[in-house]
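Undergrad: what follows is a protein structure lacking sequence information:
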């Protein structure tokens, strides 16, 4: 059980696929004549596999107490609610009897390569490669082993396939002609519609479509790449990919251990690539993104299953004399490259992202010389596009092109869909795929060697969200998919599901459109015009009356807790926000405090003051007065306020040092079990008394050890078991850890992870000594107390038949194969899933994914939030690479590496991430590049991939050779698994800006405020200047570094000090000065903070500051004592790829 701490499947994640019952195949895919496709069931590629036979060891997922969860297919036969029985209605075409599954080839590892892949050597020496542990998924140990990072495990053989002839199954937008849908953007005159085009909603419509800020997404060609053009700056790119183990791979050598060569590397000679005429002038005008809706959360049934069925790096010796304060010259490979000339031309999408509010749409122009790709058949379009390289596939030599970082945040790639489909698609801020072009077959995915998965932010706060109240929620009666913009209407009375392709009847009520108040146009209903929508659920979606909002606060009041001073801040914050707690007239609150005993508080209406009840028998905990400990907030508000005012003084003189956290949690669980609700736990030390007591496992002397980090897994399963009990009773536990000492977050974090809670961590918290942490705690607590919340929630993710989900990442409990139990859901939680392709997608042009979240609002309404994403299917490797979402891939690999660190070892996870970069770039070089030339060649869409992988290797969660507290490392791992992609990427690769010369040029104007937009800089000391001031945004912390010779104007106008020596040591607030420079700087920092739900603390640092080391550790492109520089890392990748 000790390895369960970060398993993606609540301890059940063995990486093995699940079968949701025998998965029938009623409609066999029809293979196009003359086209041959690879086998469907190939062994999935594992980017972190060992390159030589490895001894059996712990795999990516432990086979412990919990059994493996097979992959979830959205197409699940079984009982009628979730199966595909023959239609009782009138299917469009007669269907032959259903055959069994096509036989599957069991996964086999790639044939052994000539030699082991060498992990990057540590700084001191070049040791032999450690054996990368991999687990066998076969009962027979003599079977070959699968790769260690298993992305897509095919299901076992289920019998012979029956060949069935069927019509093509590509779903079509309900109002778009199939040919027009697939051919790409076409001239207005050539567009044909199978039914009336949707009319714009009337100005007074009550169901307003969501319109995210920024320009719309441009239409793209059928081929899997995005045409150069204007694209919105979404925050979280994703694109799906799968891997297959590579056979006959030459051995990978170690990275260079000596000093880098004195001269430029031999790869410096650039070779021009043949490129055709640019296609930018053929870019149609970006459609208005009025249909793309960012959503907060998929929704599924009440907390019970049948309800949902009904609802449906090595160390390098540094150059001598190099210190942190001394700025090195360019690495040898860059010395003769002048930055301005080396900068590649900025893609128009990047330019659009720089000024998202001012970019004008480009007019559509017919390319000269005949029809463009949009007017050609798919095969002709593919041929015509081979002559001109799309921007995403522009070849970049990383060893020559130095300035790769775009000037503004990287936008998510736009899927290659027609205008009509793309403008209806789900916002990438809510639903994002690692590959925006889905491979037709598993074998093609394996060749690409990139992970296929989805990243979700399902309950995200939205400025606009269409809400539908209807007694009839239209769903597919076979697979229970909610009707969405990507279904097709055969006529007014029948619609075809875009996930299982079965035909359904349109209910009579659905014929009426409440927006236009017209009858007979079901394709214009809000449900079919918005990819994110929320339904107010009728009574059949409730297993019991919706629960009230219930909040229980469990507070550590030991001597250590009182010393930190957090109790005053908590009580004052709750007093300030007590009227803003989400809820209604039924809202309940309660309080428990604990040290070596447990203290309850009777707040019954009618009492003159709160009564404190002490239970000292912590071994057999009981509730002294069960009926008066959770009280109605409105009825007992005065007593609650009295208690909050007196609590800090009540324990002011305590000398009790022990902490019986386990018993306090048991008492809180008993109190909340009858209703469910939210438990907020505040803890300041290691629990050392009673059940759940822990002992310190950290050796401070080993923090910087190059060996594997120990104790990343929980020390006991007490907190996990209690969390599962809480989950079953609809109780979520949020943990606030405020401590200057080791608290074993690896163990305590389980209480939140498996109950769908969240963890807040404030190291070295003290009300006097660390005012920056106090400010952060205050701001976080206010957001926590007042943000939206959903109770007793469940979430299910469905996908088009042929695709399956096999691994989940995030905080939840997997109740059944694909049903995530979320006792509470909050707008700041992110999730990720890994996917595989179980059946060839030959006959499909697009596939869809749908996340449905069923929850109870704080007002007692049962609601369902549904997000639907549509992506194209492609059959060439170049198209797959062109649609790669580098940030989404990085985010998913980070989740997988966290699991790997816990179940195997940190070194395994580090090797896995390096191998992931090597494998995908090697696949590109071998299978996509037509002209081989020296250098490290990558497609433009993956140009940041090696940088992001190096950033992960140097991130607090995975770094070695640097002193890192164990709790800090574990918290970084928790954040990578739980944070939505946009926030996680800042923690992986911080943003660096120069701020001593801010101007209004290119600034944003938001709410009458002018927000400067400085350029992003590379994370290298080379970019710093002693004459400047630089701001680093690292997600949960922002550093403002002041150069020793910083201009006096900045010091006086922004910091309010006369000179550098007068800058205070622990400055964490910018003074509010009435100067233009001060206003610009504060507006920019405020804008950065407003973009995330948590509050990043600000630290203003000088060369002498203690925090300078933390600032410099984020300089990812520079060499440290224990890690390679970016240039050295590129040389290492090139050496492995070119072997």
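TA: The structure has been received and is ready for your questions. In this text the structure is predicted, and so the values were computed from the model without any measurement.

Undergrad: I'd say residue 881 and residue 394 touch.
TA: No - the pair residue 881 and residue 394 fails to qualify as a contact (Cβ atoms under 8 Å) at a distance of 11.4 Å. Backbone N, C-alpha and C define where each C-beta goes, glycine included.

Undergrad: more neighbours: those two, which one.
TA: More crowded of residue 881 and residue 394, by other Cβ atoms under 10 Å: residue 881, with 28 against 19.

Undergrad: if we can go back for a sec, between residue 881 and residue 394, what contacts are shared?
TA: Any residue near both residue 881 and residue 394 by Cβ atoms under 8 Å, 6 or more residues apart in numbering counts here, and that gives residue 939.

Undergrad: quick one, phi/psi of residue 765?
TA: Backbone geometry at residue 765, expressed as degrees, to the nearest 10, gives phi -70, psi 130.

Undergrad: wait, what's in contact with residue 890?
TA: Going by Cβ under 8 Å, 6+ apart, residue 890 touches 945, 948-949, 952, 985, 988.

Undergrad: and with 6 Å instead?
TA: The neighbourhood of residue 890, defined by Cβ atoms under 6 Å, 6 or more residues apart in numbering, consists of residue 948.

Undergrad: tell me which element it is part of?
TA: Element membership for residue 890 (DSSP states H and E) is helix 886-903.

Undergrad: state the mean pLDDT of that helix.
TA: Mean pLDDT, computed over helix 886-903, is 97.

Undergrad: what of stretch 869-880?
TA: Across stretch 869-880, the per-residue pLDDT values average to 96.

Undergrad: make residue 1 into 32 and carry on from there
TA: Sure, I'll start counting at 32 from here, so that last one is stretch 900-911.

Undergrad: and it, which residues are buried?
TA: Using 16 or more other Cβ atoms under 10 Å as the burial criterion, the residues of stretch 900-911 that qualify are 900-911.

Undergrad: closest one of those residues to residue 881?
TA: Using Cβ to Cβ, residue 900 comes nearest to residue 881 of the buried residues of stretch 900-911, at 7.7 Å.

Undergrad: doesn't the closest one belong to a helix?
TA: No - the assignment for residue 900, made by DSSP: H, G, I helix; E, B strand; the rest coil, is strand rather than a helix.

Undergrad: quick check, it in contact with residue 462.
TA: Yes - shown here, residue 900 and residue 462 form a contact pair, counting by Cβ atoms under 6 Å, at 4.4 Å.

Undergrad: just the element for residue 1114, please.
TA: According to DSSP H and E, residue 1114 maps onto helix 1107-1121.

Undergrad: contact partners of that helix?
TA: Judged by Cβ under 6 Å, 6+ apart, the contacts made with helix 1107-1121 from elsewhere in the structure are 1026, 1029, 1040, 1042-1043, 1064, 1084-1085, 1101.

Undergrad: which parts of that helix are buried?
TA: Within helix 1107-1121, the residues scored as buried using 16+ other Cβ under 10 Å are 1108-1116, 1119-1120.

Undergrad: just those residues now: which is nearest residue 436?
TA: residue 1119 (17.3 Å).

Undergrad: pLDDT score assigned to that closest one?
TA: Among the per-residue scores, residue 1119 holds a pLDDT of 95.

Undergrad: could you measure from it over to residue 1016?
TA: When distances are taken as Cβ to Cβ, to the nearest Å, residue 1119 and residue 1016 turn out to be 14 Å apart.

Undergrad: in stretch 517-533, what's buried?
TA: In stretch 517-533, the ones that count as buried by 16+ other Cβ under 10 Å are 517-520, 525-533.

Undergrad: nope, stretch 627-637 is what I meant
TA: Under the neighbour-count criterion of 16+ other Cβ under 10 Å, stretch 627-637 has 627-634 buried.

Undergrad: how about JSON lines for those residues, with distance to residue 740, pLDDT and secondary structure added?
TA: Putting these into JSON lines (distance: Cβ to Cβ, whole Å; pLDDT from 0 to 100; DSSP: H, G, I helix; E, B strand; the rest coil) gives the following:
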{"residue": "627", "distance to residue 740": "32", "pLDDT": "96", "secondary structure": "coil"}
{"residue": "628", "distance to residue 740": "36", "pLDDT": "96", "secondary structure": "coil"}
{"residue": "629", "distance to residue 740": "35", "pLDDT": "97", "secondary structure": "strand"}
{"residue": "630", "distance to residue 740": "38", "pLDDT": "97", "secondary structure": "strand"}
{"residue": "631", "distance to residue 740": "40", "pLDDT": "97", "secondary structure": "strand"}
{"residue": "632", "distance to residue 740": "41", "pLDDT": "97", "secondary structure": "strand"}
{"residue": "633", "distance to residue 740": "46", "pLDDT": "96", "secondary structure": "strand"}
{"residue": "634", "distance to residue 740": "45", "pLDDT": "95", "secondary structure": "coil"}
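
Undergrad: quick check, nearest of these to residue 1126?
TA: So of the buried residues of stretch 627-637, ranked by how close each gets to residue 1126 (Cβ to Cβ), first place is residue 632, at 29.3 Å.

Undergrad: next SSE after the helix holding residue 921?
TA: Beyond helix 917-934 in the direction of the C-terminus, DSSP H and E gives the next helix or strand as helix 937-958.

Undergrad: list the buried residues for stretch 479-492?
TA: Under the neighbour-count criterion of 16+ other Cβ under 10 Å, stretch 479-492 has 479-491 buried.

Undergrad: among those, which ones are in helices?
TA: Judged by DSSP state H, these include residue 479 as members of helices.

Undergrad: farthest-separated two in the buried residues of stretch 479-492?
TA: Within the buried residues of stretch 479-492, two members stand farthest from each other by Cβ to Cβ: 480 and 490, at 33.0 Å.

Undergrad: ok so, going back, average model confidence for the following helix or strand past the helix holding residue 1114?
TA: Downstream of helix 1107-1121, the first helix or strand assigned by DSSP H and E is strand 1128-1132. Over the span of strand 1128-1132, the pLDDT mean works out to 94.

Undergrad: run a quick neighbour tally on residue 658.
TA: Taking other Cβ under 10 Å as the neighbour definition, residue 658 ends up with a count of 9.

Undergrad: for it, which non-adjacent residue is closest in space?
TA: Counting by Cβ to Cβ, 6 or more residues apart in numbering, residue 635 is the residue found nearest to residue 658 once chain neighbours are left out, at 8.0 Å.

Undergrad: quick check: residue 507 touching residue 528?
TA: Yes - under the criterion of Cβ under 6 Å, residue 507 is in contact with residue 528, at a separation of 4.0 Å.

Undergrad: quick revisit: most neighbours of all the contacts of helix 1107-1121, which one?
TA: Result: residue 1085 is most packed of the contacts of helix 1107-1121 (other Cβ under 10 Å), 26 neighbours.

Undergrad: what's the pLDDT at it?
TA: In the prediction, the pLDDT value recorded for residue 1085 is 94.
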